[in-house]
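Participant: coordinates only, no sequence provided:
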Ligand code: 1CP
């Protein structure tokens with residue numbers, strides 16, 4: 001469940017209070033391990049998701065970062081010119097991001113093979129958008145300004161970010177991550193030509209540079225429904241879908257080239273168990289029989305979701321999904 005470790009869980013709130021603030025929680029391997037494991041114990045989900053944030057990579061590249069209560073992430077010195085970008089460094093994940101690798105090792109040890117661990121990172125474009133903007137934004141106006149007035153400078157930044165992410169994801173696999181998810185949360189803000197120029201080639205290069213063995217890569221581009229065929233060609237094994245496209249229509253377009261993950265509207269979790277069960281059933285029916293579907297939300301769970309509703313989503317999936325698979329597939 002996207003953002004399954006988070007503020008809707010009271011036990012998360014308790015550990016976060018103990019850590020002091022969100023970044024301190026990410027950077028404390030013992031506590032980050034606890035919150036990674038909480039949804040496994042509480043909800044019975046089929047995979048653990050490393051507790052961290054996509055923005056620890058720009059921080060490891062030398063940018064100062066803080067998270068403000070109610071406002072989200074802030075880079076006080078956003079990248080607005082070539083001089084600022086020239087100051088970025090290539091991180092060494094085993095020193096600059098050692099707390100992430102330490103958390104992976106601890107989580108793997110505690111899971112002892114019960115469920116797999118998913119590591120993750122932000123996509124080059126999404127990270128660059130935050131680094132230029134300095135915070136979350138509705139339209140990422142500063143990032144768009146650079147894209148249309150200094151495209152070469154943006155390409156230079158994307159190149160640096162992609163190099164950093166390659167080192168980072170390879171280190172996550174070496175530490176024990178068993179699947180990797182790449183979040184292009186702001187990919188859908190781009191026009192099709194801009195997505196093809198400033199996001200897609202870097203996704204392809206990142207995925208192509210991983211020493212991943214049989215570790216699957218899940219690629220989530222929010223608002224990316226119109227580019228599914230191109231996304232299926234990036235080397236990702238799974239495409240994460242937001243809720244705006246019927247999953248059956250997505251399956252008809254990509255066939256069996258990739259598996260699909262998604263795609264319930266996280267807003268459904270604000271309703272009630274009966275409605276949640278109906279929505280789960282509708283997604284299973286839309287995808288249809290056969291393997292290649294990972295049930296998930298189409299974006300992150302929100303803080304006011306009642307835990308009972310999150311549980312209803314997991315339980316409905318476990319109860320209803322079996323009939324969509326043959327016995328042979330279940331046995332595999
Ligand atoms: O107050 C808190 O406790 C902090 C809330 C929070 C949490 C729980 C943030 C701040 N990040 C996270 C954890 C997180 N972030 C995870 C691991 C947890 C899990 O999945 O179980 C992951 C995978 C992320 C990834 C992330 N961070 C994304 C990509 C996925 C998405 O939701 O689109 C993005 C865009 C971020 C940036 C970010 N971090 C936090 C916030 C509030 C934001 C969004 C800011 C904005 O609106 O632009």
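Facilitator: Good, I have the coordinates. None of these values were measured; they are calculated from a predicted model.
Participant: and the stretch 51-200 of the chain, which of its residues are near the ligand?
Facilitator: 51, 53, 54, 55, 67, 72, 73, 120, 136, 183, 185 (Cβ under 6 Å from any ligand atom). All C-beta spots, glycine's among them, are computed from the backbone N, C-alpha and C.
Participant: tell me the contacts of the last one?
Facilitator: By Cβ atoms under 8 Å, 6 or more residues apart in numbering, the contact set of residue 185 is 122, 123, 126, 220, 222.
Participant: got JSON lines for the residues you listed, with secondary structure, pLDDT and neighbour count too?
Facilitator: Formatted as JSON lines, the contacts of residue 185 follow (DSSP: H, G, I helix; E, B strand; the rest coil; pLDDT from 0 to 100; neighbours: other Cβ atoms under 10 Å):
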{"residue": "122", "secondary structure": "strand", "pLDDT": "98", "neighbour count": "23"}
{"residue": "123", "secondary structure": "coil", "pLDDT": "99", "neighbour count": "27"}
{"residue": "126", "secondary structure": "helix", "pLDDT": "98", "neighbour count": "25"}
{"residue": "220", "secondary structure": "strand", "pLDDT": "98", "neighbour count": "27"}
{"residue": "222", "secondary structure": "coil", "pLDDT": "98", "neighbour count": "20"}
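Participant: quick check: buried residues in the helix or strand that residue 156 is a member of?
Facilitator: Element membership for residue 156, per DSSP states H and E: helix 151-175. Neighbour-count burial for helix 151-175, with 16 or more other Cβ atoms under 10 Å as criterion, is recorded at 153-155, 157-158, 160-173, 175.
Participant: ok, back up a step: could you work out the most separated pair of the residues of the stretch 51-200 of the chain next to the ligand?
Facilitator: 51 and 136 (19.6 Å; Cβ to Cβ).
Participant: okay, the two: which has more neighbours?
Facilitator: Neighbour totals were compared for residue 51 and residue 136, and residue 51 leads with 25 against 14 (other Cβ atoms under 10 Å).
Participant: for the residue in the chain that the ligand sits nearest to, give its distance to residue 120.
Facilitator: Taking Cβ to the nearest ligand atom, the ligand has its nearest neighbour within the chain at residue 136, 2.3 Å off. Per Cβ to Cβ, to the nearest Å, residue 136 is found 18 Å from residue 120.
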